[in-house]
Structure formats: C-alpha cells, structure tokens
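Colleague: sharing a sequence plus its predicted fold:
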Amino acid sequence: MFVDTHLHLSQKEGVAPSEFIRRAKDAGVSRFVVSCCDKESIVEGIELAKEFEGIYLAVGFHPEVVAEIGEEDLLWLESLLSKKNLPIVAIGEIGLDYHWVKDNKEQQRSLFEKQLELATRYHLPVVIHTRDAIQETYDILSQYSLKGVIHCYSGSVEMAQRFIELGYYLGIGGVVTFSNSKLYQVVESVGLPFLLLETDSPYLAPVPYRGKTNESCYIPIIAARLASILQVSIEEVATVTTHNAETLFDFSHHL
C-alpha cells in the first residue's frame, strides 16, 4: 500500500476524480493528501473528500497567492481548522517562493509566519513549499516547534539533514527519476526513515511519462526508483514510507 502525500486534484485540470482515484487504487495507492492552496481549491477539496474514501486535505495559502490574501481569508481558514468533521491533516502548502516574484518577500514571510502560527495553535503538521528561498525557509521554520514535510525537496544533502533535525520529512517525487537529477544523492544519504512519496500531480510526472500529466498511479514508479537507489525491495519502500506518512498525518478520521 502506498500513500501519495502531495497532489493537486481538480476538475479544472481536466481530470475526472473518479477515474483518477480508480487508476491509483489499482496501482496500490490507497490514501491521498490533496494540497489545497487557494480558496477555490480548498472548497473543491472538501467536496472531493466528502465523495471519495481515502482523500485527506492539506489546506493553506500558497506564496503565489499572497497578493489575494487578507486577514478575513486567514480567519476563514481558521474557521475550517476548528471544525472537527473535516479530514484536514496539515496546513499547506505554505512557504516562500522567490523564483518569479522577488518584490513581495516581506508579504510572503508574513503570510508564511501567520500560517505557521495557525499550525502551532491547532497542532497540525505543515507542508512546506520553498523555491529559491531554502535558507530563509529553514531560518523561519527553526523558530517554531513544528513537524512537517519539505515538499518536492530539491536542496543539498547538508540542508536535508538540517531539516530532518528540525523534525521534517522530505517529499520525493518524479524528479528523482530524471536523468539530470542529483536527488539520488539526498536519498542515499537520508534513507527511507525520513522520506515521503508524492507526485505533485498533475505536475512533474516521472520517467517515462515526463512532460505528460502526472497521476497518483505513478507512485510505484517513484518507489521503484527509491528501491533501486537504496538497494531494497519496493515492498520495503511501501512499508516504510506509508509508516512515515501515518506518523506525520492523522488519518484516523474521515468524513
């Protein structure tokens, strides 16, 4: 059994959720942590969780939507966190992204910190997005006593160890299958106890589907690459990464 710990599942991507989930379950993927990182996707994610078994939610505001988010939106987010009947297992994906826009760093940091405070208040793990901002992301996270995952980890071996020491797992997806990726060095150094499997569907499909629409049913391809790097069985990858996901996220309740 596998868990896809990070995906985006939306009708606007042209995906029929029922078929998507059927293909994933046929491939042995039984749980899905859907990343809902703007108001529209959060509302849609809640509806998906009502309809399909095995869907859990990470909710929060992505740094790319910082210009759209005000205090009333954070209050709305908190109102969802206070509801006991929603399968919200994390705040995310949240963080810093300085790749495209660099003139709103202060606003990004403020939004990030406010959501970290929500995670602290509601005892939830966090799903972290960091792009061209890894040191600053680390510096901010080091000020909080939180657990979580660094989504789509792409940093150095040294930085990986530092995040692990803070209490974070590393999300490993299709990039690890790319021929030009050095991510295998991180996998070798860290080992299975600190890794989570993810797709980031519909993005970053693994080889041989690179450049096409990604799906949760490709999780076994990522797992097979980890098994090859670490010279263990794919069953061991499934067992350990599923245990890691169950340790980080509370899957004990559902709608």
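Modeller: Now that the structure is in, tell me what you want to look at. Numbers count the residues shown, from 1 in each chain.
Colleague: send me stretch 49-69 as PDB with only the CA atoms.
Modeller: Taking Å, rounded to 0.1, in the frame of the first residue of the first chain, the C-alpha atoms of stretch 49-69 are listed here in PDB:
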ATOM      1  CA  ALA A  49     -13.200  14.400   0.500                       C
ATOM      2  CA  LYS A  50     -17.000  14.000   1.000                       C
ATOM      3  CA  GLU A  51     -17.300  12.000  -2.200                       C
ATOM      4  CA  PHE A  52     -14.200   9.700  -2.200                       C
ATOM      5  CA  GLU A  53     -12.800   7.500   0.500                       C
ATOM      6  CA  GLY A  54      -9.100   7.900   1.200                       C
ATOM      7  CA  ILE A  55      -8.800  11.700   0.500                       C
ATOM      8  CA  TYR A  56      -7.300  13.900   3.100                       C
ATOM      9  CA  LEU A  57      -6.600  17.600   2.900                       C
ATOM     10  CA  ALA A  58      -3.700  19.900   3.400                       C
ATOM     11  CA  VAL A  59      -5.100  23.500   3.400                       C
ATOM     12  CA  GLY A  60      -3.400  26.800   3.300                       C
ATOM     13  CA  PHE A  61      -2.400  29.700   1.100                       C
ATOM     14  CA  HIS A  62       0.500  29.200  -1.300                       C
ATOM     15  CA  PRO A  63       3.000  32.100  -1.500                       C
ATOM     16  CA  GLU A  64       2.000  32.700  -5.100                       C
ATOM     17  CA  VAL A  65      -1.500  33.900  -4.000                       C
ATOM     18  CA  VAL A  66      -0.100  36.300  -1.300                       C
ATOM     19  CA  ALA A  67      -1.500  39.400  -3.100                       C
ATOM     20  CA  GLU A  68      -5.000  38.000  -2.900                       C
ATOM     21  CA  ILE A  69      -5.000  37.000   0.800                       C
END
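Colleague: so how far is that stretch off the chain centroid?
Modeller: Relative to its chain's centre, stretch 49-69 lies at 11 Å (Cα atoms, centre = their mean, to the nearest Å).
Colleague: go on, stretch 145-159?
Modeller: Worked out by Cα atoms, centre = their mean, stretch 145-159 lies 11 Å from the chain centre.
Colleague: and it, what's buried?
Modeller: By 16 or more other Cβ atoms under 10 Å, the buried positions in stretch 145-159 come out as 146, 147, 148, 149, 150, 151, 152, 153, 154, 155, 159. (C-beta placed from N, C-alpha, C; glycine too.)
Colleague: need phi/psi at the third one.
Modeller: Same thing as residue 148. Per-residue torsions, residue 148: phi 170, psi -160 (degrees, to the nearest 10).
Colleague: do a quick rundown of the strands in the stretch 51-200 of the chain.
Modeller: Assigned strands in the stretch 51-200 of the chain, in chain order: 55-59, 88-97, 126-131, 148-150, 168-172, 195-197 (criterion: DSSP state E, counting those that start in this stretch).
Colleague: need the winner for burial among those.
Modeller: For the strands of the stretch 51-200 of the chain, the largest average neighbour count (mean count of other Cβ atoms under 10 Å) is found in strand 148-150, namely a mean of 29.
Colleague: what mean pLDDT does that one have?
Modeller: In this model, strand 148-150 has a mean pLDDT of 98.
Colleague: stretch 63-73 too?
Modeller: 96.
Colleague: could you do stretch 222-240 as well?
Modeller: 98.
Colleague: if we go by neighbour counts, what in that stretch is buried?
Modeller: Across stretch 222-240, burial judged by 16+ other Cβ under 10 Å covers 222, 223, 225, 226, 227, 229, 230, 234, 237, 238, 240.
Colleague: export the residues you listed as CSV, with columns for secondary structure and distance to residue 65.
Modeller: Putting the buried residues of stretch 222-240 into CSV (DSSP: H, G, I helix; E, B strand; the rest coil; distance: Cβ to Cβ, whole Å) gives the following:
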residue, secondary structure, distance to residue 65
222, helix, 28
223, helix, 32
225, helix, 32
226, helix, 32
227, helix, 37
229, helix, 35
230, helix, 37
234, helix, 37
237, helix, 34
238, helix, 34
240, helix, 34
